[in-house]
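1. build me a structure from this.
(one chain, ligands or ions: 2)
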Amino acid sequence: MRLRVQRFEPGRDTSPRYQVYELEDPPGQTVLGALFEVQDRQDGSIAFRYSCRGAVCGSCAMLINKVPRLACKTQVSDVMEGATSNLQTFGTIDQDVEDWDPETEILVEPLPNFPVIRDLVVDMTRFWNALEEVEPWMVPAEDPPEGLERPMEHGDVVKLERLVGCILCALCSGSCPIVHDEPDFLGPAALAKARRFYEDPRDVRRDGILEMLYTEEGFEGCDLIYNCVKVCPRNVAPGGAIRKLKKDAAKLPALERGRNGI
Ligand code: SF4
Ligand code: FES
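-> Numbers count the residues shown, from 1 in each chain. Ligands and ions are numbered 1, 2, ... in the order given. Reported below is the predicted structural model:
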């Protein structure tokens with residue numbers, strides 16, 4: 001098995017290049033495992049980000065065979081067996097890589113839509129800033145009596161579970177053509193997070209959240225392409241959350257109907 005890895009260090013390199021590493025292919029190997037193999041035995045200079053190795057921390061998002069995926073959750077054998085992507089393509093995802101043979105090599109590139117710090121490590125500042133923009137915290141009506149918590153109905157908890165499961169890996173942002181084209185678009189994860197608080201019965205903002213994000217930078221900017229839904233490793237379905245925000249906003253008399261006609 002061979003890994004073809006994009007290498008780039010801004011300030012030192014003028015443009016990205018690809019380096020090929022030959023590896024044994026033990027059963028059960030993940031792409032992250034293969035990168036460790038390279039780093040430990042062949043080339044200690046290769047840079048990538050990881051932490052949990054168990055699809056929990058969201059650190060190892062990268063582009064693997066032109067699909068944004070978690071390297072620790074992606075089996076080498078699955079990639080080699082050639083699962084094809086059904087994403088709407090753009091930017092790096094759409095670019096041919098000279099000499100790459102998809103039959104024999106796994107192509108590993110940095111997550112699209114973020115500036116490269118080095119090799120497979122990207123600068124996530126835009127992602128974190130977008131998250132902060134949606135004010136992802138609960139605004140309760142009033143503090144509960146001392147010593148008590150704010151109870152929720154079981155049904156409400158179940159309804160929120162999908163949205164709460166986001167691990168902030170940014171695969172959705174890396175797969176989104178609108179994030180690629182519109183530098184101010186907040187992106188799928190931040191908008192799904194806004195939906196999480198919109199649906200929380202303890203949060204008093206409700207329509208205030210819709211009003212705050214009824215902009216081209218917010219949910220109005222989304223064209224419902226659903227790449228984000230296809231790549232999300234936690235089944236958060238951010239595109240579905242955005243569709244619901246559009247739908248609820250359309251019911252508010254003070255707001256004009258969304259441009260997607262929902
Ligand atoms: S919505 Fe899914 S893809 Fe996006 S950051 Fe959260 S877990 Fe990752
Ligand atoms: S290393 Fe934590 S999600 Fe992959």
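
2. these two touch, right, Y18 and Q6?
-> Yes: between Y18 and Q6 there is a contact under C-beta atoms under 8 Å: 5.7 Å. The C-beta positions use only the backbone N, C-alpha and C, and glycine is treated the same way.

3. now the common contact residues for those two.
-> By C-beta atoms under 8 Å, 6 or more residues apart in numbering, Y18 and Q6 have no common neighbours.

4. the residue of the stretch 1-150 of the chain found nearest ligand 1 - nearest residue in space that isn't next to it in sequence?
-> In the stretch 1-150 of the chain, no residue comes nearer to ligand 1 than G58, which is 6.0 Å away by C-beta to the nearest ligand atom. Nearest residue to G58, sequence neighbours excluded (C-beta to C-beta, 6 or more residues apart in numbering): C169, at 3.2 Å.

5. so the one you found, which of the three states?
-> Under DSSP: H, G, I helix; E, B strand; the rest coil, C169 falls in the coil class.

6. per-residue pLDDT, it?
-> pLDDT for C169: 98.

7. quick check: the gap between it and ligand 2.
-> 6 Å (C-beta to the nearest ligand atom, to the nearest Å).

8. got the phi and psi for that residue?
-> phi -80, psi -20 (degrees, to the nearest 10).

9. for it, the count of nearby residues, please.
-> When neighbours are defined as other C-beta atoms under 10 Å, C169 has 28 of them.

10. what sits against it?
-> Contacts of C169 (C-beta under 8 Å, 6+ apart): 58-61, 70, 233.

11. which ones among the residues you listed are found in strands?
-> Residues of those located in strands (DSSP state E): 61, 70.

12. would a markdown table of the contacts of C169 with neighbour count and pLDDT be doable?
-> A markdown table is the format used below for these (neighbours: other C-beta atoms under 10 Å; pLDDT from 0 to 100):
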| residue | neighbour count | pLDDT |
| --- | --- | --- |
| G58 | 20 | 98 |
| S59 | 21 | 98 |
| C60 | 25 | 98 |
| A61 | 30 | 98 |
| L70 | 27 | 98 |
| P233 | 21 | 97 |
